[in-house]
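Novice: structure, please.
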Amino acid sequence: PKPSSFKLSYYNEYKSYLRRMTVAVTSDSPVPVETMGDYHVTRQLSVSERLIQRKVPDTAAKDRLKRCLGIFDLVNSGVSVMIGAGIFVITPVLTADTTGPAIIISYIIAGIASLLGALPYAELAARFMGVGSAYQYTYFVLGELAASTIGISTLIEGMIGLASIMKSLSIYIDALAFNGTINSWEGTHFGLGVEYMAEYIDLFALLLLVLCGALNLSGVKQTVLVSAICNAVVIVTLILIGIVGLLKGSLDHWYREADPEDPTKSGFAPYGFSGILTGASLAYFSYNGFDCIASLGYEAKRPKRDMPLGIIISFGIVMGLYMLVCAGITSVAPFYTMSDNAAMANAFSGYPWMTFIVSLGAVLATATGSFSGLMVTSRVMFSMGEDGILFRSLTAVNKLTQVPWVATLVSMILPAFGILLLDIEELVKMNSGGMLICFCLTNICVIVARYQPPRTDIFATDTTVMERLSIYFSFSCWIFSLLAWLLLHQLGATVIGIILFVVMTTVAGVNVFLIQYKLEEIKLEEEAFRCPLSPWIPACGIWVNSGLMIALPLMTWVRVVACLVVGQICYFAYGLRHSTLTLQKKDCSSATEYVRLTDHFTVTSDTEHLIN
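Specialist: Take a look at the predicted model:
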């Protein structure tokens, strides 16, 4: 019901002295004066307070989407995204242009960094069962502005990753079924010839994106079933690549090969340590899959148990496959021959049967990666629409298939521009930038969540001292980690560069030490999974991710920041005024922050008639 309003003027004769104010007293039903604590005094919430308002986890537990995914389905989705996005898209490109045979080391570094992100994801997935992945977790822990930033980063990551997968799928299908004639025709008639852009407009990849969207719109269970069938073939293919490569190849390719065009590039690490580190920052994209599992919380049958297990199992499977495949492919062919289209298949050119198997596996891997990638991106967009951060029209759900069809269509339209205009390598770089931002903030959320009391009231805006200190120390750790890597990157392995790197890293470690030994964790009654050695593992994740962020090229960050700015413009123009939290509070009384009435004055017989 619409609340009644009245004015209370506080004079010296009353026991409590407050400035004159207008209040609105609200209640769903009449409440005796003796229980006036159930009423609230309200005041208008400022813009800054809206930016830090946080979502209550219980309010996210909705069942508009169908809960039909078990542990096998979650592992399958995570593995399909990682394999489809990684092995067949990035490995040959990085081997030829960035790392050489040292791609194995780059994948190990990227895997360690991803594991430091996977463990915090597993804890947050068990603690908060909502859809939205890093976006949702940030909304629960850090507030609306941080959530909008991470949500936009997640969408950038997902849609750019989808665009790169579709371009790769186009290349492999053309090489396998049409002997490269489609891409040659597109290059002749739709060439661009612009730096940092695609060589040609890939209309075939656009057609494949439409087919992928049609499968996603048919239903989540159908999409997961097709992915599972493809994954079985892909895993067998990857095992064959590793085994055949090691048996038929030679380790001479690791140590004695030199690029004929540039003889200085030779040996195991022809591009040096900087190339290995840059390769690791780009290979990070290959482990983009456990956030896929976290994003399917609304459709998991037992999210509190299955989501952490799915994250850890899928990560272990994929990391083992990556190590095997990298060793096999760098043994069977020189690194400088892998810059061509369908390079992984061409590496086995001496074995026609193996070339066919690799091409088929690449087609199925990239196809299943595109299915799962589009599904995850649409769910994050759906979640942001539900929260009012993005337009609410994105929350439309098909009554028959229970699929968010508007979000799925929008998730197809935006990657189409990347497919048409951008090169695969540029897409990979932009994707890695978005991922690294997401993972750093996710690690911060794990640290801060340990010191936050459980929330059940959306109107509660107070924060404890421990909570504020954990936020301050966590962000300080991130800032000093970025400074450490930036100074090392700019000054190189000089004495002053190493000294400053050690000093900045030490300061970051001091912040973590203060978190662990000066703040007291709040234990929850029931937790399915806890990240071990917290806050040190999340802090190590922040430190490693910061190094990978600095290793990315400057132009990559220019593009990522431009996308974030566009997203924030959308948020401040729409989401700031239309977020679900803000509207929920306005629905209760034309104001947005609630304080208990009895905190401000004492009810006496003199004021009872005013209240009545």
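Novice: how many neighbours does Val81 have?
Specialist: By other C-beta atoms under 10 Å, 34 other residues sit near Val81. Yep, even glycine has a C-beta here, placed from its N, CA and C like the rest.
Novice: give me the phi and psi angles of it.
Specialist: Per-residue torsions, Val81: phi -70, psi -40 (degrees, to the nearest 10).
Novice: repeat that for Tyr200.
Specialist: phi -150, psi 160.
Novice: spit out the contact partners of it.
Specialist: Tyr200 sits next to Asn183, Glu186, Gly187, Phe190, Gly191, Leu192 when contact means C-beta atoms under 8 Å, 6 or more residues apart in numbering.
Novice: nearest to Ala333, of these?
Specialist: Asn183 (21.3 Å; C-beta to C-beta).
Novice: tell me how far Ile498 lies from Leu491.
Specialist: 8 Å (C-beta to C-beta, to the nearest Å).
Novice: one more: Ser579?
Specialist: Ser579 is 44 Å from Leu491, by C-beta to C-beta.
Novice: pick out whichever of the two has more residues nearby.
Specialist: Applying other C-beta under 10 Å to Ser579 and Leu491 shows that Ser579 carries more neighbours, namely 24 against 15.
Novice: name the nearest residue to the more buried one, sequence neighbours excluded.
Specialist: Sequence neighbours aside, Gly388 is the residue nearest to Ser579 in space, at 4.0 Å (criterion: C-beta to C-beta, 6 or more residues apart in numbering).
Novice: wait, the one you found sits on His578?
Specialist: Yes - between Gly388 and His578 there is a contact at 4.6 Å, judged by C-beta atoms under 8 Å.
Novice: of those two, who's got more company?
Specialist: Neighbour totals were compared for Gly388 and His578, and Gly388 leads with 21 against 16 (other C-beta under 10 Å).
Novice: just the pLDDT for Lys15.
Specialist: At Lys15, the pLDDT value in this model is 33.
Novice: next, the distance between the ends of stretch 263-275.
Specialist: End-to-end distance for stretch 263-275: 17 Å, by C-alpha to C-alpha, to the nearest Å.
Novice: mind listing the strands for this structure?
Specialist: Ranges of strands in the chain, per DSSP state E, are 4-8, 21-25, 40-43, 258-259, 262-266, 593-596.
Novice: for the fifth one, packing partners?
Specialist: For strand 262-266, the packing partners by 3 or more C-beta pairs under 8 Å, 6 or more residues apart in numbering; DSSP states H and E come out as strand 258-259.
Novice: shaky segments in the stretch 451-600 of the chain?
Specialist: Along the stretch 451-600 of the chain, the model assigns pLDDT under 70 to residues 456-462, 524-528, 586-600.
Novice: please repeat the previous calculation with a cut-off of 50.
Specialist: 589-600 (pLDDT under 50).
Novice: where do the helices sit along it?
Specialist: 465-491, 495-518, 536-551, 554-570, 576-578, 580-588 (DSSP state H, counting those that start in this stretch).
Novice: looking at those, which is closest to Tyr451?
Specialist: Nearest to Tyr451 among the helices of the stretch 451-600 of the chain is helix 465-491; the distance by C-beta to C-beta comes to 4.3 Å.
Novice: for that closest one, buried residues please.
Specialist: By 16 or more other C-beta atoms under 10 Å, the buried positions in helix 465-491 come out as 466-467, 469-471, 473-488.
Novice: please apply the same query to stretch 314-334.
Specialist: For stretch 314-334, a neighbour-count test (16+ other C-beta under 10 Å) marks 314-315, 317-319, 321-322, 324-334 as buried.
Novice: next step: these restricted to helices.
Specialist: Of the positions in the buried residues of stretch 314-334, 314-315, 317-319, 321-322, 324-332 sit in helices, assigned by DSSP state H.
Novice: what's the closest of those to Asp259?
Specialist: Thr330 (14.1 Å).
Novice: wait, the closest one sits on Ile104?
Specialist: Yes - between Thr330 and Ile104 there is a contact at 7.0 Å, judged by C-beta under 8 Å.
Novice: how close does the residue nearest to Ser250 when sequence neighbours are not counted get to Leu94?
Specialist: Distances taken as C-beta to C-beta, 6+ apart place Ser331 nearest to Ser250, at 6.4 Å, with adjacent residues excluded. Going from Ser331 to Leu94 by C-beta to C-beta gives 16 Å.
Novice: likewise Leu145?
Specialist: Leu145 is 35 Å from Leu94, by C-beta to C-beta.
Novice: over to Tyr172?
Specialist: 17 Å.
Novice: compare neighbour counts for the two and give me the winner.
Specialist: Counted by other C-beta under 10 Å, Tyr172 and Leu94 do not tie: Leu94 has more neighbours, with 29 against 25.
Novice: OK, contacts around the nearest residue to that one once chain neighbours are set aside?
Specialist: Once flanking residues are discounted, Leu94 sits nearest to Gly279: 4.9 Å by C-beta to C-beta, 6+ apart. Counting by C-beta under 8 Å, 6+ apart, Gly279 touches Leu94, Thr98, Thr99, Ala102, Ile103, Ser106, Tyr271.
Novice: any stretches of the protein with poor pLDDT?
Specialist: 1-42, 59-61, 85, 131, 589-601.
Novice: just give me the neighbour total for Ala573.
Specialist: Neighbour tally, Ala573, other C-beta under 10 Å: 10.
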